[in-house]
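Peer 1: just to be clear, the model below is a prediction. Sequence and coordinates:
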Amino acid sequence: MSNRIAFLGCGSMNEAIMGGLIDGGVDPADIVATVRRADRAAGLAERHHGITAIAGEEEPENNKQAATGSGVVILGVKPAGIADLAREISGSLSPDTIVISVAAAVSLAQLEAVLPAGQPVIRTMPNTPAKLGRGMVSVTPGSSCSAGQLQHAKDILAAAGTVVEVPEEQVDAVSAISGSGPAYAFYLAEAMAAAGVELGLDPELSLLLARGTVAGAGFMLAEPGADPASLRKAVTSPNGTTERAIATFDERGLPAIIAEGARAAAARSAEITRQLG
Ligand SMILES: NC(=O)C1=CN([C@@H]2O[C@H](COP(=O)(O)OP(=O)(O)OC[C@H]3O[C@@H](n4cnc5c(N)ncnc54)[C@H](O)[C@@H]3O)[C@@H](O)[C@H]2O)C=CC1
Ligand SMILES: O=C(O)[C@@H]1CCC=N1
C-alpha cells in the first residue's frame, strides 16, 4: 500500500492532524493537502515544509490528483461538503485506499453510499490538540474495512493522540465531549480571564493567569492515572477560598449546565445527520 496520505480539505482539523503526524515522524514528502484557496495552500506549504498543497482555485482537479495513488485519504471538509467530495474522488481511489472522514454527523452509511462498493471507510472524531500529538481520536470502521486496514489507520492516527474505537451510535456523544471539548476548555479560560478583570486585574495579566492555569491543569490531567476529582480536592482547602468557588458553581448548577451543553451538541450532530439524509 502507498505511504502517501492525502488530506482533502485541510482546514483547522485536518491541519491539526497533519501537524501531529509530521511531528510524529511521517515524512512530509508523503503528504498532499488540498484546500480551496491559493493563499491557504501557500500557508500550509510554508508551515509544513516538504508537503504538497494544491488549491482548487488554481487546480480544479486537486482532490482527484491528491487521491490518486494515496494509501489513505482523510476527508476534512464541513459535513455538508463530504458527500460531494467523496463522489468527486471515488473514481480516483484504489480498491484498498482507506477513506477516513473526520466530519461530525456524517454517517458511515452516508459515506459508503457515495463511494465505490467495498471501499474501506473509517469514521473518526478527532479534536484539535491533535496538532500537538495530544488529541483524542475515535475510530469506527465501516462494513468493508478489514481488521488490518483499521489497525493501519489507528497506527497512523496514534501520532495525533490517543485513539479509541467506539460503535457508531456513540460518535455523537464523543463529538459532544472530546470533539467540541477543547472549545469548552478555551471558553473556561476566557471566562476566568474576564472574571479576573472584574476583580481588578490588568486584562493582559488576567489572560496570562487564566491561560497558564488552564494549560497547567491540563498537563496535570494528562499524567497517567490522573483523576480530576482528586486533583480538584488537592486544591480545595477545608473552609478555604476554592471551596467557596466550587460551592458557588454547584449552587448555580454548573455541572448541569455543562451536561445540557453536551446534550445540545450531540443533538445537533443527530440533527445534521438527518438533514444530510
Ligand atoms: N474544528 C474542529 O475542532 C473539529 C472539526 N471536525 C470536523 O472537521 C471538518 C472540518 O472542520 P474544520 O477543520 O473546523 O473546518 P475548516 O473550514 O477549517 O476546514 C475545511 C477546509 O476545507 C476546505 N475545502 C472546502 N471545500 C473543499 C473542497 N471541495 N476541496 C478541497 N478543500 C475544500 C476549505 O478551504 C477549508 O480549508 C468538519 O466536518 C468538522 O465536523 C471534527 C472534529 C473537531
Ligand atoms: O463544531 C463542530 O461542528 C465541529 C465538530 C466537533 C468540533 N467541531
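Peer 2: All right, it came through fine. Small disclaimer: the values here were computed from a predicted structure and weren't measured. Ligands and ions are numbered 1, 2, ... in the order given.
Peer 1: what residues sit buried inside stretch 121-136?
Peer 2: For stretch 121-136, burial by neighbour count (16 or more other C-beta atoms under 10 Å) applies to 121-131, 133-136. The C-beta positions use only the backbone N, C-alpha and C, and glycine is treated the same way.
Peer 1: ok, it near ligand 1 or not?
Peer 2: Yes: Stretch 121-136 reaches ligand 1 (C-beta under 6 Å from any ligand atom) through M125, P126, N127, T128.
Peer 1: possible to save those residues as TSV with pLDDT?
Peer 2: TSV is the format used below for the residues of stretch 121-136 next to ligand 1 (pLDDT from 0 to 100):
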residue	pLDDT
M125	98
P126	98
N127	98
T128	98
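Peer 1: got the CA coordinates for the longest strand seen in the chain in CSV?
Peer 2: Criterion DSSP state E: the longest strand present in the chain is strand 135-141. C-alpha atoms of strand 135-141 as CSV (Å, rounded to 0.1, in the frame of the first residue of the first chain):
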residue,chain,number,x,y,z
GLY,A,135,-5.6,14.8,20.5
MET,A,136,-8.4,12.3,21.3
VAL,A,137,-9.4,10.4,18.2
SER,A,138,-12.3,7.9,18.0
VAL,A,139,-12.4,5.5,15.1
THR,A,140,-15.4,3.5,13.8
PRO,A,141,-14.8,1.1,10.9
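Peer 1: got the residues of the stretch 51-200 of the chain near ligand 1?
Peer 2: Applying C-beta under 6 Å from any ligand atom, we find that the stretch 51-200 of the chain lies next to ligand 1 at 56, 63, 76-79, 81, 85, 102-104, 125-128, 179.
Peer 1: what about the nearest residue to E88 once chain neighbours are set aside, neighbour count?
Peer 2: Among residues not flanking E88 along the chain, N63 sits closest, at 5.4 Å (C-beta to C-beta, 6 or more residues apart in numbering). For N63, the neighbour count with other C-beta atoms under 10 Å is 24.
Peer 1: from the chain's centre, how far out does the stretch of helix or strand N63 belongs to sit?
Peer 2: Element membership for N63 (DSSP states H and E) is helix 62-67. Taking C-alpha atoms, centre = their mean, to the nearest Å, one finds the center of helix 62-67 at 22 Å from the center of the full chain.
Peer 1: and the residue nearest to E88, what is it in contact with?
Peer 2: Neighbouring residues of N63 by C-beta atoms under 8 Å, 6 or more residues apart in numbering: L8, T34, G56, L85, E88, I89, S92.
Peer 1: check A245 too.
Peer 2: Applying C-beta under 8 Å, 6+ apart, we find A245 in contact with no residue.
Peer 1: shouldn't it be within a helix?
Peer 2: Yes: under DSSP: H, G, I helix; E, B strand; the rest coil, A245 sits within a helix.
Peer 1: which bits of the stretch 101-250 of the chain sit near ligand 2?
Peer 2: By the rule C-beta under 6 Å from any ligand atom, the part of the stretch 101-250 of the chain lying against ligand 2 is A104, S175, G179, S180.
Peer 1: helix, strand or coil for the residue nearest to the last one when sequence neighbours are not counted?
Peer 2: When you say that, I think you mean S180. Of all residues not flanking S180 in the chain, A265 sits nearest, at 5.1 Å (C-beta to C-beta, 6+ apart). What three-state DSSP gives for A265 is helix.
Peer 1: again with the one 5 residues further on
Peer 2: Following three-state DSSP, A270 is assigned to helix.
Peer 1: gap between it and E168?
Peer 2: Relative to E168, A270 is positioned 12 Å away (C-beta to C-beta, to the nearest Å).
Peer 1: could I get the CA-only coordinates of the helix holding N63 as PDB?
Peer 2: The C-alpha coordinates for helix 62-67 follow below in PDB (Å, rounded to 0.1, in the frame of the first residue of the first chain):
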ATOM      1  CA  ASN A  62      -6.800  19.000  -6.900                       C
ATOM      2  CA  ASN A  63      -8.800  16.400  -4.900                       C
ATOM      3  CA  LYS A  64      -8.700  13.800  -7.700                       C
ATOM      4  CA  GLN A  65      -4.900  14.400  -8.100                       C
ATOM      5  CA  ALA A  66      -4.300  14.100  -4.400                       C
ATOM      6  CA  ALA A  67      -6.400  11.000  -4.000                       C
END
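Peer 1: coming back round to it: which neighbours do A270 and E168 share?
Peer 2: In terms of C-beta under 8 Å, 6+ apart, A270 and E168 are not both contacted by any residue.
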